[in-house]
Structure formats: C-alpha cells, structure tokens
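Trainee: Predicted model and sequence below, questions to follow.
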Amino acid sequence: MQSKTSPVSDTVGAPTPERTGRSEVRKRRFRPSLAVRLALLVVIFVSVPFVIYNQFREADAEKQSLLQASVREQGRLIAEVLRPELEKAGLQALPEVGPQLSRFAGKDTIVKLLFRPKEAGDSNRFYFVASAPAVAAAALRRERQRLMDLGVLDKLAASCAGQGPVQTRRLSDNTDEEIVTSVTPIHTGAGCWTLVTASNTAAYRRLSIGQPYWMTPEIRFAAIIYVVMALITITVFLGIWRSLRRFADLARDIRVRGLKGGRFSSENRLREFDGVAQELDHMVATLEESSRTIRQAAEENAHAFKTPIAVISQSVEPLRRVAPDENSRAARALSMIEHSVERLDELVACSRQMDEVVADLIDPPRVVVDLSELLQRVMEGCAAMFAGQNVLLRVEVDEDITVRAGEELLETVIENLVENAVRYTAVRGAVMVRLKRQKTEAVLTVEDNGPGVPADELELIFERYYSRRRTGENRSGDEGRPATPGDRHFGIGLWIVRRNIQAVGGTVIAENREGGGLRIRVRLPLAEHG
C-alpha cells in the first residue's frame, strides 16, 4: 500500500483538487453549447428586423410628413391664386382653367382640377375639368373611372367636407406611378372645386405614401439581403453542428464497436474540418497500433521470461536428487529457489495480464456476448475450482442478457470477482452472484459475507497492489496487510475488473452490506442499447 503524504510544496491559498473541481464545474455550467448559440442567433435574426423596421418606418413617416406639408402648402397657394377667378367667373372660367394650371405644373408635378356642382345630389358627383399636363379628351372618362376605382372621388368628397388630407397611389396611362399628395378644396357659389396635386418623382416613390411601409422597394430589397444573409449564417452553423454530430456519432461507434468503426475524414462535409478529421484519424490509427504493439510485446515478453523460468525450475530437481539429505542448508536453498521461481512465474503472468488490460483500455474487444450463458458457464467452472473451500456459491441469472465486450475480458471480470469474494468469505459462508436486466443495463452483483471494507477505503480497493480486507476466518491466518508485487495475491484483481469494465463502457462500484460483507455491482450497457 502506498502511504499518503502531504506535498511539501503545499502553501496557503494553493489550488486544492476540490477547489479545482468546483472551478471546472462552474466553467462547464456557464459554457453554452453550439445549439444554444444557434438558437440565440435565430432569436437575434428574428428580433433585429422588427427593431430596425420600426426605426426606418418612423423616419419614413417623419420625412413623409415634411414633404406632404410642403406639397399641401404648395397646393394651398395654387388654390389661393385660382380662387378669385373661380369665384368671380364661376362656370364661365372652365375654358380658361387649363392654361392657368399649366403655369403650376412641372416635369414631375401633375395638377388636376375637378368640380362638383352645388346642386349635385351625389356627393361623389365630380366632373373632370382640367389637367396639367393636359389629358386627351378621349382619356378623360377613363381617367375619371380610374380615380373612382381607386376611391379618390370618395376622398375628394371628404376633402370638400373638410375631413383631412388624401394620400394614395395610382398608375397613369404610361404606367408611371403617380402619388396623390395634396387635395385642396376651393368653395365657391357654384360648388366645390377640388385641386389635386400629384407627383411621380423618385423622392415620393421612395416613401410609403398610400401603401404599407414594407411594400417600398428599399425595404423589400433589404429584406431579401437580410434573409439571404440569415440563411447563409444559419446554414454555416448547421453545417458545423452536423459535422460535429457526425464526428460524435462516429466516436461513439468507435467506442462501441472498436477502433475499426470508421474514418472521420469520410464523415466530414466541411473543408475547414479536413485537418481536424485527419488528425482524429491519425490518433485512432496510433491508438490501434499502440494496442496491437502492447499485446504483442506482452506476449513476447511473457514467452521470453517463461523459457528461463522453466529451465530454472527443471534444473532444481536434479540438484535436489544429488544434494545430501543431511545438508539442511542445501535443501533450504533449493526450496527458496523453487518458491522464488514460482513467484517469478506468477509475476510474469501478472505483468502480462496488466499489459493486456492496458491494451484493452485502448482498443477493447466489441462483440455481442450472451452474458447470461457466459456467466453460467464460468460459474460451473468456479464451483469446481472452489469445491474444497467450504463456501456455498449461489447464482441467479436472467436469461438472454447480451452486451458488447469480449468473452475473455468478461470471464476475467467474473473470475476475479468470485475469487475475491470467496477469498474473503468465512468458512461455511456464502457468495451470491446475480445477473439482472435493469432498463438499458445489465447489472452483475457479487456479494460475500466477509468482514467488509472500511467506508473510506471502498474506492481504494480498485487500486493496484491494494488489499486491506481480512481473509475469511481460519482460511489463511492473514490479518489483512497491504499486498506487494511479491505476494501470491498481488492486489490487482479488482483493478483489472474496473479497467476491463470501463474499457467496454460500464461502471463498477463497491459497498458494504448491512448484514456484513461486501457487495460489488457491475453495470454494462445492453447490446441493443450500446
């Protein structure tokens, strides 16, 4: 057992493992995932247009108000100029109105004059009087019908009644868009003259007069650019996320089925990830080669050591035959050689087993194993092996439980667990072995009625060369001391169990039973869920 000592370099305020662990937890807790960032980006893309749209609409409304105020004032001034003559001449002024309107019309400004007689029963009964630029006589009826279809005549009646300004859009005969910006009534004794000013200038067409603001060309064009930008950005995020998910799926497949599960390069869809995929493939290939090399070296080393050990062991017997019986020193020396050779042989086997465990951690076997059938077969062998130990072995097994692992790996786990339980169980005691299915896991439990383990050392029993349990009563006389590599029991059985189980994606824990003894529980994912 390795003694626990405090590092000399520890100082007040130095980061402790507990403090470091809490810091890491906080970092993980406040580290948003790519999915969260993508969701936040979508929220931003959805909310920002509304904010910008409202700002632009308010600016458009302000600009529209200023321009309309200017045009209404222009219309009012034109009306004031025409009012004296219209009031004086009445209907006799009709032939002269057209030339007078041309004085106020311009390249981008259209002026129209409509008249509703005082005695007209219909408030919408307006007559088209004149227009500047002039409208052909044949087009007057069509012009009036167009104004009626657009609802301008209704608005003219409202204007004559003093009910506010008029804003609308219409197409002229040459398909240019005109914007009615001002309707000014002139009341005379003959009736209501209505002066309509309109414009087809770009300054007015860029405004939303007479239409929703979102229908303006600038907003539509900006919306198209914004949507394209949002789609490109979200597509990039989704591409990154999908590539990472494919990498994660492949990594899980490699973990479940071994290092030959596939290549990251074949799963990559983004050129920027080519370097990452190649490095991951290189790492997998290196791990695979390392696992193969460790297994090969373990086998070769064991074979190299076994040969001289066998030679030494065979050479002891001739020496024992020729050594005099009365030479106690020679007999004791030969016994020590035999004992040391036996221990050395066990150390070589132990070393090979540890190397194989390390190789299995890197690239564990991943085949579908019927754990129910394997456990029953191994327990039959254990029953024969421990027949003379005065320990009762009890087995409860659910049928058809399959996991992904290797038969040899699982056999080692079962044998080590049972051997550990039998070793520390009192004479005429019992060892209980259960295999149950729990949701998506196979749960293997081995219980004994031995002395148990101090609560603060339950985790330590899975460390190498660690063993503080008392052996069963009247079994070996060992009072429970730390094992060393030179002991027959090297304290690596449970270390191998944990490493093997972790290699195939499982967990193993130890706990003291209420009635005395130790319970070790192994959990492995079922093959259909692995």
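Mentor: Thanks, I have it.
Trainee: So residue 365 sits against residue 411, correct?
Mentor: No - Residue 365 lies out of contact with residue 411 (Cβ atoms under 8 Å); the separation is 11.6 Å. Using the backbone N, CA and C atoms, a C-beta is placed for each residue, glycine as well.
Trainee: Residues that sit against both of those two, list them.
Mentor: When contacts are counted by Cβ atoms under 8 Å, 6 or more residues apart in numbering, the set common to residue 365 and residue 411 is empty.
Trainee: Got the confidence number for residue 412?
Mentor: Looking at residue 412, its pLDDT stands at 89.
Trainee: Then residue 91?
Mentor: Among the per-residue scores, residue 91 holds a pLDDT of 67.
Trainee: Pairing partners for residue 115 in the sheet, please.
Mentor: Note on residue 115: beta-bridge partners by DSSP bridges are residue 127, residue 193.
Trainee: so residue 520, which of the three states?
Mentor: Following DSSP: H, G, I helix; E, B strand; the rest coil, residue 520 is assigned to strand.
Trainee: residues contacting it?
Mentor: 417, 420, 421, 445, 446, 447, 494, 497, 508, 509, 510.
Trainee: and the first one, how many residues sit next to it?
Mentor: This points to residue 417. 23 (other Cβ atoms under 10 Å).
Trainee: hmm, back to that, please identify which of the contacts of residue 520 is nearest to residue 339.
Mentor: Of all the contacts of residue 520, the one with the least separation from residue 339 (Cβ to Cβ) is residue 420, at 23.9 Å.
Trainee: excluding its backbone neighbours, what's nearest the closest one?
Mentor: In space, residue 420 comes closest to residue 493 once its chain neighbours are excluded; the distance is 5.4 Å by Cβ to Cβ, 6 or more residues apart in numbering.
Trainee: Give me the distance between that neighbour and residue 421.
Mentor: Residue 493 sits 10 Å away from residue 421, going by Cβ to Cβ, to the nearest Å.
Trainee: Same question for residue 375.
Mentor: Applying Cβ to Cβ, one obtains 14 Å for the distance of residue 375 from residue 421.
Trainee: quick one: which of the two has more around it?
Mentor: For the pair residue 375 and residue 421, the greater number of neighbours falls to residue 421 (28 against 22), based on other Cβ under 10 Å.
Trainee: Check which helices and strands the host helix or strand of residue 241 sits against.
Mentor: Using DSSP states H and E, the element containing residue 241 is helix 217-257. Using 3 or more Cβ pairs under 8 Å, 6 or more residues apart in numbering; DSSP states H and E as the contact criterion, the secondary-structure elements in contact with helix 217-257 are helix 34-89, helix 264-267, helix 274-322.
Trainee: Tell me what angle it forms with helix 34-89.
Mentor: Regarding helix 217-257 and helix 34-89, their directions subtend 170 degrees when assessed with axes from the mean of the first three to the mean of the last three Cα atoms, to 10 degrees.
Trainee: What's the mean pLDDT across helix 217-257?
Mentor: Model confidence over helix 217-257, given as mean pLDDT, is 82.
Trainee: residues of stretch 507-519 that come out buried?
Mentor: Burial within stretch 507-519, assessed by neighbour count using 16 or more other Cβ atoms under 10 Å, is assigned to 508, 510, 517, 518, 519.
Trainee: cool, stretch 267-285 as well?
Mentor: Buried residues in stretch 267-285, defined by neighbour count with 16+ other Cβ under 10 Å: 267, 268, 273, 276, 277, 280, 281, 284.
Trainee: and what of stretch 44-63?
Mentor: Of all the residues in stretch 44-63, those buried under the rule 16+ other Cβ under 10 Å are 45, 49, 56, 57, 60.
Trainee: could I get those residues as a markdown table with pLDDT and distance to residue 145?
Mentor: A markdown table is the format used below for these (pLDDT from 0 to 100; distance: Cβ to Cβ, whole Å):
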| residue | pLDDT | distance to residue 145 |
| --- | --- | --- |
| 45 | 81 | 46 |
| 49 | 83 | 40 |
| 56 | 81 | 36 |
| 57 | 79 | 33 |
| 60 | 77 | 31 |
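Trainee: Closest to residue 328 out of these?
Mentor: Minimum separation from residue 328 among the buried residues of stretch 44-63 (Cβ to Cβ) is found for residue 45, which lies at 93.7 Å.
Trainee: Would you quantify the distance from the nearest residue to the closest one once chain neighbours are set aside to residue 48?
Mentor: Using Cβ to Cβ, 6+ apart and skipping the chain neighbours, the partner closest in space to residue 45 is residue 230 (4.5 Å). In this structure, residue 230 and residue 48 are 9 Å apart, going by Cβ to Cβ.
Trainee: Ok, residue 270 next?
Mentor: In this structure, residue 270 lies at 27 Å from residue 48, with Cβ to Cβ as the measure.
Trainee: ditto for residue 528
Mentor: As it turns out, when the distance is counted by Cβ to Cβ, residue 528 lies 47 Å from residue 48.
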